[in-house]
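Trainee: When you get a sec, could you give me coordinates for this:
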Amino acid sequence: MIKVAITGNIASGKSQVEKILLSCGCKVADADKINHFILLTDVSAINEIKQAFIDEDILEGNAISREKLGQVVFSSVTKKIKLENILHERINAKIQEFLEQNKNEKVVFVSIPLLFETGQENNYDKIILVSADEDVRLKRLLARENYSEKYAKIRIEAQMKDSVKIKKSDYVIYNNTDFNNLRKQVFNVLEKINSESESFQK
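Mentor: Sure, this is the predicted structure:
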């Protein structure tokens, strides 16, 4: 099995790449979706987060608001690390379950936004970076989220620069234009990975 990580900074277009791969029949796990699932269903994680941020406004009713929690943790490195310490082990356990369930596949994909920031790059055989210019990503964030421009820029600046990530990646998909261009690039990368998979199996 070839394990391929998909990564990219916020609003780069990772979810679009995932959709294209899924439409091709690929097996894809998404760390963000796993994270959201944990925040909705994992009672021990929910209680631990509520206790860790007891003095912060992170609730909507009795449920954790992802938007409010995000505002809190992206305003402070210490708070961000505190949340990561609660969630990362649980997210990684779900990813391992996915890999075990699909162990007979030739190629599997795992989308991890903070792959390099959390030092997980060595867990994967290949890395795809989805890249887009910062001004393009800012426009996308402001269009799709209820973010102020200040907060959107904080989210963008909290991540490692694309210029650094490009050097660490095996494939780079540039997503500054339209969906058709993106799809062509994904197909090209998928063809290369499948070709390498065939060689790997021999």
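Trainee: separation between the closest residue to residue 105 other than its chain neighbours and residue 18?
Mentor: Nearest residue to residue 105 in three dimensions, chain neighbours excluded: residue 27, at 5.4 Å (CB to CB, 6 or more residues apart in numbering). Yep, even glycine has a C-beta here, placed from its N, CA and C like the rest. Using CB to CB, to the nearest Å, one obtains 11 Å as the distance from residue 27 to residue 18.
Trainee: Now the residue nearest the centre of the chain: which helix or strand?
Mentor: In the chain, the centroid-proximal residue (CA atoms, centre = their mean) is residue 113; its distance is 2.8 Å. Using DSSP states H and E, no element contains residue 113; it sits outside every helix and strand.
Trainee: List the residues that contact it.
Mentor: Applying CB atoms under 8 Å, 6 or more residues apart in numbering to residue 113 gives the contacts 7, 8, 9, 10, 14, 31, 32, 159.
Trainee: Now tabulate those in CSV and tack on secondary structure and pLDDT.
Mentor: Listed next are these as CSV, based on DSSP: H, G, I helix; E, B strand; the rest coil; pLDDT from 0 to 100:
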residue, secondary structure, pLDDT
7, strand, 98
8, coil, 97
9, coil, 97
10, coil, 95
14, helix, 97
31, helix, 97
32, helix, 95
159, coil, 91
